[in-house]
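Engineer: Coordinates for the following, if possible.
(one chain, ligands or ions: 1)
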Amino acid sequence: MGERKRIGILTSGGDCAGLNAVIRAVVYRATGTYGWEVVGIRQATLGLMIRPPQVMPLAIEKVDSLLTAGGTVLGTTNKGDPFAFPMPDGTLCDRSEEIIAGYHQLGLKALIGIGGDGSVAILRRLAQQGGLNFVAIPKTIDNDVGITEHCIGFDTAVNTATEALDRLHFTAASHSRVMILEVMGRDAGHIAISAGIAGGADIIIIPEIPYTIDQICRKIKQRQEQGKTYSLVIVSEAVRTEASEVVQNTNRLGQRRYGGIGQYLADEICDRSGAETRVTVLGHIQRGGTPSPLERLIAAAFGVAAVDLIAEGRYDQMVTWQNRQVLSVPISEAIAQYRAVDPNGTLVKTARGLGICLGDKDAS
Ligand code: F6P
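Structural biologist: All right, here's what the predicted structure looks like:
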């Protein structure tokens with residue numbers, strides 16, 4: 001009998017629900033169908049940089065209980081680009097060759113990387129430089145990777161944001177308040193538009209559609225005139241102020257992060273309409289927790305398809321979800337396109353059709 005094929009899997013970038021379900025599916029398919037060995041690489045590419053490489057053997061018994069577990073058992077990082085790796089002395093160092101050597105030291109025949117567009121681009125560059133057989137699985141609650149309609153983590157984040165709106169609804173009504181929910185999504189408004197429709201928001205503000213505070217206040221007033229004394233607003237973190245200023249804050253490490261647009265809207269709405277406003281910033285709650293059933297389904301489909309690509313020797317591909325089918329595309333095509341919310345797409349049309357205000361700058 002020939003040598004048992006060994007493949008690696010890693011998670012890179014921000015965590016989200018469904019990563020463990022992907023790992024489980026990969027192990028089931030690779031070991032159960034093909035009889036391969038799967039090793040999990042710890043902390044994304046950091047695990048391949050350290051000597052000896054930091055890995056976790058992944059047998060079926062090890063991953064059996066992972067279906068419902070949030071986060072990633074492998075750990076992850078969204079810092080430390082290996083081509084410009086921050087060193088303790090403050091300099092940046094190209095450590096790509098160490099990672100490539102780590103892959104070969106482990107005797108890997110292929111690598112599955114689960115990541116967003118940034119991570120996948122880095123992993124692809126490593127693969128091209130070092131002759132790694134690489135297959136990508138898209139994940140990010142932001143759902144902004146090109147071509148695929150779903151990234152791992154998105155559906156659960158939408159469920160969480162929808163539930164938050166459901167809860168805010170009652171307290172908003174009880175106190176006749178305008179409740180503002182600030183959600184993640186980085187530069188895209190996918191979470192806000194989806195959860196906003198599903199959760200019955202009255203106003204949805206996303207980065208893809210310019211808005212004015214006056215339009216928002218007009219909608220609130222119109223509702224008041226109809227006897228609806230409260231309103232629900234959902235806003236994406238990357239929405240700018242009316243004057244187009246980016247709203248971010250800096251932590252003690254000097255890292256800049258989105259956050260604060262909800263409070264900005266609350267203050268402006270209060271000033272201009274007199275409404276009592278309150279803000280909820282949902283934050284990392286959107287990334288944690290049990291994956292939704294749809295998330296688990298897509299995770300299973302992606303995991304199986306990624307292993308099958310390796311079995312077919314089809315590398316440099318990313319699995320995608322398109323029209324309820326798992327397909328694959330060259331990674332270069334997927335990362336070349338940023339997927340923002342289409343201002344003329346179905347969800348925006350649906351929101352408008354329901355009378356939801358999108359704050360449109362150009363509306364009278
Ligand atoms: O990309 C995923 C994401 O959760 C964004 O929606 C958010 O802006 C960012 O990551 C938060 O990053 P961190 O976990 O580093 O605070």
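Engineer: What residues does Val246 make contact with?
Structural biologist: 238, 240 (C-beta atoms under 8 Å, 6 or more residues apart in numbering). C-beta coordinates here come from the backbone N, C-alpha and C atoms, glycine included.
Engineer: Distance of it relative to the ligand?
Structural biologist: 12 Å (C-beta to the nearest ligand atom, to the nearest Å).
Engineer: again, but for Gly75
Structural biologist: 14 Å.
Engineer: so what's that residue scoring on pLDDT?
Structural biologist: As predicted, Gly75 sits at a pLDDT of 98.
Engineer: Name the nearest residue to it, ignoring sequence neighbours.
Structural biologist: Gln43 (4.4 Å; C-beta to C-beta, 6 or more residues apart in numbering).
Engineer: for Gly14, same thing?
Structural biologist: Per C-beta to C-beta, 6+ apart, closest to Gly14 is Asn78, 5.0 Å.
Engineer: ok, now which ones touch that neighbour?
Structural biologist: 12-14, 119.
Engineer: Any chance of a markdown table for those residues, columns distance to the ligand and neighbour count?
Structural biologist: Converted to a markdown table, those look like this (distance: C-beta to the nearest ligand atom, whole Å; neighbours: other C-beta atoms under 10 Å):
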| residue | distance to the ligand | neighbour count |
| --- | --- | --- |
| Ser12 | 12 | 27 |
| Gly13 | 7 | 22 |
| Gly14 | 4 | 21 |
| Ser119 | 10 | 26 |
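Engineer: what would these look like in a markdown table with pLDDT and secondary structure?
Structural biologist: Shown next, in a markdown table, are the contacts of Asn78 (pLDDT from 0 to 100; DSSP: H, G, I helix; E, B strand; the rest coil):
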| residue | pLDDT | secondary structure |
| --- | --- | --- |
| Ser12 | 97 | coil |
| Gly13 | 96 | coil |
| Gly14 | 96 | coil |
| Ser119 | 97 | helix |
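Engineer: Can you tell me the SS state at Ile112?
Structural biologist: Three-state call for Ile112 (DSSP: H, G, I helix; E, B strand; the rest coil): strand.
Engineer: how about the residue of the chain found nearest the ligand, phi and psi?
Structural biologist: Nearest residue of the chain to the ligand: Met184, at 3.3 Å (C-beta to the nearest ligand atom). Torsion angles at Met184 (phi, psi; degrees, to the nearest 10) stand at phi -80, psi -170.
Engineer: Output the set of residues of the stretch 1-150 of the chain in proximity to the ligand.
Structural biologist: Taking C-beta under 6 Å from any ligand atom as the criterion, the neighbours of the ligand within the stretch 1-150 of the chain are 14, 78, 140-142.
Engineer: quick one: least confident of those?
Structural biologist: Among these, Asn78 has the weakest pLDDT, 87.
Engineer: Check the burial of the closest residue in space to Leu92 that isn't next to it in sequence by counting its neighbours.
Structural biologist: Nearest residue to Leu92, sequence neighbours excluded (C-beta to C-beta, 6+ apart): Ala84, at 4.3 Å. Neighbour count for Ala84, taken as other C-beta atoms under 10 Å: 12.
Engineer: Same check on Asp166?
Structural biologist: Neighbour number of Asp166 under other C-beta under 10 Å is 14.
Engineer: thought it was touching Gly199?
Structural biologist: Yes - proximity of Asp166 to Gly199 meets the contact threshold set by C-beta atoms under 8 Å, at 5.9 Å.
Engineer: can you give me the helices in the stretch 51-200 of the chain?
Structural biologist: Ranges of helices in the stretch 51-200 of the chain, per DSSP state H, counting those that start in this stretch, are 60-63, 96-105, 117-130, 154-175, 190-198.
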